[in-house]
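**Q** Sharing a model that was predicted from the sequence below.
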Protein chains: 2
Amino acid sequence: MPIGLQVQRTAKALNRAFDQALAEAGGSLPTWLILLSLKTRRWETQRELAAAVGIEGATLTHHLEGLERHGLVERSRDPDNRRVMRVELTGEGEAAFLRLRDAALKFDRRLRAGLDEDDVDALRAALARLHANVSEAGAPR
Amino acid sequence: MPIGLQVQRTAKALNRAFDQALAEAGGSLPTWLILLSLKTRRWETQRELAAAVGIEGATLTHHLEGLERHGLVERSRDPDNRRVMRVELTGEGEAAFLRLRDAALKFDRRLRAGLDEDDVDALRAALARLHANVSEAGAPR
DNA sequence: TATTGTTATACTCTATAACTATA
DNA sequence: TATAGTTATAGAGTATAACAATA
């Protein structure tokens, strides 16, 4: 079987299972990635944040609207540069982040079952290699 | 970084790159998986085929409609059991399959760059482990 | 003019529920 | 009644293009 096919199938299964785990904690994959990125560091612009999550700016706007509607983030214009929006977690957003983090950590433990440290390290290295192989040359445009 | 997150990110990058490679060959991931399944073996029912591809029957109908509209497959009722649809590749479907297969093989070579046989085998084993870990217990309902 | 973000729109993939036709 | 598949509908995620506001 082509290795790409196996990665794809595994990823599909993982994504579905992870999505379900996040849904049970009241989230989804994109919202988790966005909350995680917001907690990990401070972004100068929404576009930077979008790039970190791997989506377009307009798509991020769409998700941020949802997060704002649910009271998880607040957006305000930067007084120094009113084109820029500042995105911040609310208290409820923090709580949601913690819930989703727990779900993610629990999922990770489940994922690691039967793999020792060396296995995981080797897996990481192989994944990084695959990632590099598709990111490099062949992604023109 | 959680291993799940890394798999997810790698998978996203791979899926996008693979989708692009398939699009350049005139296909998409679901159509490729369906054509591949049709060539790999004969399925008794569409539902079996859907399960092999990892989608619901209604979703498969949707894709088969598209494939039929583009002249890649033909569907006819099984005379022995008129509830059952038989799905067959047309000549054009065969040609599309070959084009997509070439694209998939080319993609796979690109993916394997910098990995030797042992690396690939280890990767396969780790992926199988991850797949099993999410398929087993934690997928109730 | 260039940059930041939003709006409008649409596409793809997916699913569930109700339905048709066969058995 | 049960099974195979379709239709109708919807929702999530994504993108592009046109736009408004700001610099």
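**A** That came through fine. Numbers count the residues shown, from 1 in each chain, chains lettered A, B, ... in the order given.

**Q** what's the helix or strand for the closest residue to A:T45 other than its chain neighbours?
**A** Leaving out its chain neighbours, the residue that sits closest to A:T45 by C-beta to C-beta, 6 or more residues apart in numbering or on different chains is A:V84, at 5.7 Å. Bear in mind the C-beta positions are built from the backbone N, C-alpha and C, glycine included. In this assignment (DSSP states H and E), A:V84 forms part of strand A:81-89.

**Q** quick one, what contacts the residue minimising distance to the centre of chain A?
**A** Geometric centre of chain A, nearest residue: A:L33, 2.3 Å, by C-alpha atoms, centre = their mean. Applying C-beta atoms under 8 Å, 6 or more residues apart in numbering or on different chains, one finds that A:L33 lies in contact with A:53-54.

**Q** Please save the CA atoms from the host helix or strand of it in PDB.
**A** In the assignment (DSSP H and E), A:L33 maps to helix A:29-40. Output of helix A:29-40 as PDB, limited to C-alpha atoms (Å, rounded to 0.1, in the frame of the first residue of the first chain):
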ATOM      1  CA  LEU A  29     -10.700  20.800  15.700                       C
ATOM      2  CA  PRO A  30     -10.500  24.400  14.400                       C
ATOM      3  CA  THR A  31     -11.700  26.000  17.600                       C
ATOM      4  CA  TRP A  32      -9.100  23.900  19.500                       C
ATOM      5  CA  LEU A  33      -6.300  24.900  17.200                       C
ATOM      6  CA  ILE A  34      -7.300  28.600  17.500                       C
ATOM      7  CA  LEU A  35      -7.600  28.600  21.300                       C
ATOM      8  CA  LEU A  36      -4.300  26.700  21.500                       C
ATOM      9  CA  SER A  37      -2.600  29.200  19.300                       C
ATOM     10  CA  LEU A  38      -4.100  32.100  21.300                       C
ATOM     11  CA  LYS A  39      -2.700  30.700  24.500                       C
ATOM     12  CA  THR A  40       0.700  29.700  23.100                       C
END
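
**Q** do it and DNA strand C meet at all?
**A** No - Helix A:29-40 stays clear of DNA strand C (C-beta under 7 Å from any atom of the strand), getting no nearer than 12.2 Å.

**Q** next structured bit after that helix?
**A** Following helix A:29-40 toward the C-terminus (DSSP H and E): helix A:46-53.

**Q** Could you name the helices and strands sitting against the helix or strand following that next one?
**A** Using DSSP H and E, the next helix or strand after helix A:46-53 towards the C-terminus is helix A:57-69. Helix A:57-69 is packed against helix A:29-40, helix A:46-53, strand A:73-78, with contacts defined by 3 or more C-beta pairs under 8 Å, 6 or more residues apart in numbering or on different chains; DSSP states H and E.
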